[in-house]
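Enquirer: Pasting a predicted model and its sequence here:
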Amino acid sequence: MDTKIILPENQLPKQWYNIIPDMPGPLAPVLNPQTLKPVTPDDLLAIVPMALIEQEVSTQRWIDIPEKVREIYKLWRPSPLYRAHNLEKALGTPAKIYYKYEGVSPAGSHKPNSAIPQAYYNKQAGIKRLATETGAGQWGSSLALACSMFGLECTVYMVKVSCTQKPYRKSMMQLWGANVIPSPSMETNAGRAILARDPGNPGSLGIAISEAVEDAATHADTNYALGSVLNHVCLHQTVIGQEAKEQMKIAGDYPDVVIACCGGGSNFAGLAFPFIADRANGKQVRCVAVEPASCPTLTKGVYAFDYGDTAKMAPISMMYTLGHDFMPPGIHAGGLRYHGESALVSQLYHAGQIEAVSYKQNACFDAAILFSRNEGIVPAPESSHAVRGAIDEALRAKEEGKEKTILFCLSGHGQLDMGAYDAYLSGSLEDYEYPEENIRQSLANLPKVD
C-alpha cells in the first residue's frame with residue numbers, strides 16, 4: 001500500500017460542491033443587524049461583490065471554478081492524501097488512518113482555497129483593497145498571498161494575542177504586501193470603543209471582524225473578505241473532500257469516519273461536505289467536528305440567532321454560538337477561537353447529521369507530538385485537534401478489536417507555531433476549563449429575534 005496518493009493536475013476539481021440543495025430542511029434567514037429583517041443583496045453589496053453574494057444563496061449543486069482560479073490552485077492542488085502507516089504501528093491499531101494534507105499550500109494551510117477565489121471575484125468587480133480579520137494568521141496570510149497575485153491591497157486585523165504568539169505569521173503577511181493591525185486597535189470606532197472599556201483586551205475574532213467590516217463599509221474602494229463561517233467559504237473548501245474521495249478510490253477504500261478541526265467551520269466543511277452528500281447513496285459515513293474545550297461552540301453553545309461579530313455590525317445568522325461578546329482564552333489554536341459556527345455546519349449538527357467533540361489543548365499537543373514523531377509533519381495547533389480525534393478513534397478500534405477506516409484533514413503545518421510547541425515541551429502550556437459563567441453572561445446578550 002502506497003504511503004501517499006497523488007492525483008494528477010488534470011483531476012483537479014472543475015466545480016465546487018454546494019451542499020445547500022442537500023441540506024436537511026430549509027435554511028433559516030440571515031438578518032440585517034439594524035432592521036432584523038432578511039438581508040438583501042443591496043445590504044451586502046457595499047462590502048461583498050455580487051458574484052460571492054450569489055454563491056452565498058445559490059441552490060445550484062455544482063458551481064464552476066473559474067479557470068484563472070484553477071490555474072493558481074495548481075501551484076499546490078491536488079494536495080496529497082497520506083496513509084499513516086507509522087502512526088498505525090505506533091498505536092497498535094487495526095484501524096487504517098488516512099490524512100489529507102493541506103499544509104502544502106504556499107500559506108501552509110487550507111485557507112488559500114477560498115482566499116484565491118475571493119480575491120479573483122473582487123478584482124473582477126473593480127475593488128482595490130480587501131479588509132479582513134485573522135486569528136492565528138492562516139487566513140490573513142492566505143488573503144495577503146491572494147491579493148498579491150491579483151494586484152489588490154490588503155489590510156488584516158489580527159487578534160492581538162495571536163499577533164504576539166505568532167510573530168512570523170505577521171511577517172509572512174507583510175512579505176506578501178499586507179498591512180497588519182493588531183486588534184482591537186485605535187484605527188476603527190469599534191476598536192476604540194472596546195479599548196476604552198478594556199485597555200488590555202487581548203482581542204477575539206468577533207472584535208477583529210467588527211474592525212474589518214467597519215473598514216470596508218467606510219471606504220468605497222474596499223470590500224470585506226471572511227475566511228470561514230459563510231456559505232461561499234465552505235463552498236470553496238469542498239475541493240478538499242472531492243479530491244479525497246478520488247484518492248480513497250485509488251486506495252480501494254472508503255472512510256467509516258471523517259474528522260476535521262472546527263472553529264468557524266471552513267476546514268470541516270471542506271473535507272466533510274462531499275462525504276455527507278454520499279449518504280443519499282446509502283453510505284454510512286460518520287463526520288466528526290473537533291473543537292477546543294475552551295471555545296466549545298457546538299458542544300456547549302446554543303442554537304440561536306446571533307451576530308457574527310462583537311460590535312453587532314455583521315449579519316445575524318442561526319448558528320451554534322457562545323454569544324457574540326464571548327471572550328475565549330488565548331489558546332494557541334487561534335484559528336478555532338470564534339464564538340459562532342457556520343450556519344450550514346450548525347444546521348447539520350442540530351439535525352443530527354454530524355457529531356462534535358472537544359479537547360483541551362494539552363491533549364491535542366500530546367497527539368501532535370506522537371503524530372510528528374511517527375509521520376514527520378508538525379501539525380498546526382488547530383490541526384492537532386483533528387489528529388487527537390483520529391487517534392482516539394483508532395484507539396477505540398483497538399479496544400473493540402474492529403477494523404475501521406479513518407480519514408482526517410491535516411489542515412496545516414505548525415512550522416510557524418514553535419512558540420506553542422516550546423510552551424508544551426517546557427510544561428507551561430495551560431489547559432483552560434470551560435468558562436461556564438462567562439458564556440452564560442454572553443448568551444444573555446443574544447439578539448431578540450421573533
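Expert: It's in.
Enquirer: The stretch 1-150 of the chain: helices as residue ranges?
Expert: Ranges of helices within the stretch 1-150 of the chain are 41-44, 50-57, 67-73, 85-91, 112-124, 138-150, based on DSSP state H, counting those that start in this stretch.
Enquirer: any idea of the angle the second one forms with helix 112-124?
Expert: For helix 50-57 and helix 112-124, the angle between their directions (axes from the mean of the first three to the mean of the last three Cα atoms, to 10 degrees) works out to 140 degrees.
Enquirer: Show me which residues of helix 50-57 are buried.
Expert: Within helix 50-57, the residues that qualify as buried by neighbour count (16 or more other Cβ atoms under 10 Å) are 51-53, 55-56. Every C-beta, even on glycine, is put in place using the N, C-alpha and C of the backbone.
Enquirer: Can you name the residues in contact with it?
Expert: 18, 41, 44-45, 48, 63, 118, 121, 124-125, 230-232, 235 (Cβ atoms under 8 Å, 6 or more residues apart in numbering).
Enquirer: same deal with the third one?
Expert: The contact list for helix 67-73 (Cβ under 8 Å, 6+ apart) reads 12, 14, 65, 113, 116-117, 120, 149, 239.
Enquirer: Convert the C-alpha atoms of it to CSV, please.
Expert: Coordinates of the C-alpha atoms in helix 67-73 are reproduced here as CSV (Å, rounded to 0.1, in the frame of the first residue of the first chain):
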residue,chain,number,x,y,z
GLU,A,67,-10.2,28.8,-15.0
LYS,A,68,-7.9,31.6,-13.5
VAL,A,69,-8.6,30.2,-10.0
ARG,A,70,-7.9,26.7,-11.1
GLU,A,71,-4.6,27.8,-12.6
ILE,A,72,-3.5,29.2,-9.3
TYR,A,73,-4.8,26.2,-7.4
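Enquirer: tell me which of the contacts of helix 67-73 is nearest to Thr218?
Expert: Lowest distance from Thr218 to these (Cβ to Cβ) belongs to Tyr120, with 24.2 Å.
Enquirer: The closest one: how many residues sit nearby?
Expert: 21 (other Cβ atoms under 10 Å).
Enquirer: Look up the closest residue to it, ignoring the ones flanking it.
Expert: Distance criterion Cβ to Cβ, 6 or more residues apart in numbering; nearest residue to Tyr120, sequence neighbours excluded, is Val69 at 5.4 Å.
Enquirer: Tally up the residues packed near that neighbour, please.
Expert: Residue crowding around Val69 was assessed by other Cβ under 10 Å; the count is 21.
Enquirer: Against Arg337, how distant is it?
Expert: Using Cβ to Cβ, to the nearest Å, we find Val69 at a distance of 29 Å from Arg337.
Enquirer: With Lys249 instead?
Expert: With Cβ to Cβ as the criterion, Lys249 and Arg337 are 36 Å apart.
Enquirer: So between those two, which is more surrounded?
Expert: When Lys249 and Arg337 are compared for neighbours, Arg337 comes out ahead with 29 against 11, by other Cβ under 10 Å.
Enquirer: Quick one: the contacts of helix 50-57 as a markdown table, columns for neighbour count and pLDDT too.
Expert: Conversion of the contacts of helix 50-57 to a markdown table gives the following (neighbours: other Cβ atoms under 10 Å; pLDDT from 0 to 100):
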| residue | neighbour count | pLDDT |
| --- | --- | --- |
| Asn18 | 23 | 98 |
| Pro41 | 12 | 90 |
| Leu44 | 19 | 90 |
| Leu45 | 13 | 91 |
| Val48 | 24 | 96 |
| Ile63 | 16 | 98 |
| Gln118 | 30 | 98 |
| Tyr121 | 24 | 98 |
| Gln124 | 14 | 98 |
| Ala125 | 14 | 97 |
| Leu230 | 28 | 94 |
| Asn231 | 22 | 97 |
| His232 | 24 | 97 |
| Leu235 | 27 | 98 |
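Enquirer: which of those residues lies closest to Ile354?
Expert: Sorting the contacts of helix 50-57 by how near they are to Ile354, with Cβ to Cβ, puts Asn231 at the top with 16.2 Å.
Enquirer: I'd say that closest one and Ile20 touch.
Expert: Yes. The pair Asn231 / Ile20 is scored as a contact, 6.8 Å apart, by Cβ atoms under 8 Å.
Enquirer: which regions of the stretch 1-150 of the chain lie under the pLDDT threshold?
Expert: Scanning the stretch 1-150 of the chain with the threshold set as pLDDT under 70 gives no residue ranges.
Enquirer: ok, now the stretch 251-400 of the chain?
Expert: Using pLDDT under 70, the flagged stretches of the stretch 251-400 of the chain are 329-335.
Enquirer: residue boundaries of the helices in it?
Expert: Listed in chain order, the helices of the stretch 251-400 of the chain (DSSP H, counting those that start in this stretch) span residues 266-276, 297-300, 343-350, 361-375, 381-400.
Enquirer: before we move on, back to that, now distance to Asp325 too, for the buried residues of helix 50-57, in a markdown table please.
Expert: Formatted as a markdown table, the buried residues of helix 50-57 follow (distance: Cβ to Cβ, whole Å):
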| residue | distance to Asp325 |
| --- | --- |
| Ala51 | 32 |
| Leu52 | 27 |
| Ile53 | 27 |
| Gln55 | 29 |
| Glu56 | 25 |
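Enquirer: among the residues you listed, which two are most distant?
Expert: Ala51 and Glu56 (9.9 Å).
Enquirer: Which of the residues in the host helix or strand of Gly241 are classified as buried?
Expert: Per DSSP states H and E, Gly241 falls inside helix 239-250. Of the residues in helix 239-250, those with enough neighbours to count as buried (16+ other Cβ under 10 Å) are 239-245, 247-248.
Enquirer: list the helices and strands that helix packs on?
Expert: With contacts taken as 3 or more Cβ pairs under 8 Å, 6 or more residues apart in numbering; DSSP states H and E, helix 239-250 sits against strand 15-17, strand 81-83, strand 96-101, helix 266-276, strand 405-410.
Enquirer: make it 6 Å
Expert: Helix 239-250 is packed against helix 266-276, with contacts defined by 3 or more Cβ pairs under 6 Å, 6 or more residues apart in numbering; DSSP states H and E.
Enquirer: Give me the contact list for the helix it packs on.
Expert: The set of residues that contact helix 266-276 without belonging to it, under Cβ atoms under 6 Å, 6 or more residues apart in numbering, is 17, 19, 110, 228, 233-234, 237-238, 240-242, 245, 258, 260-262, 285, 287, 289, 409, 411.
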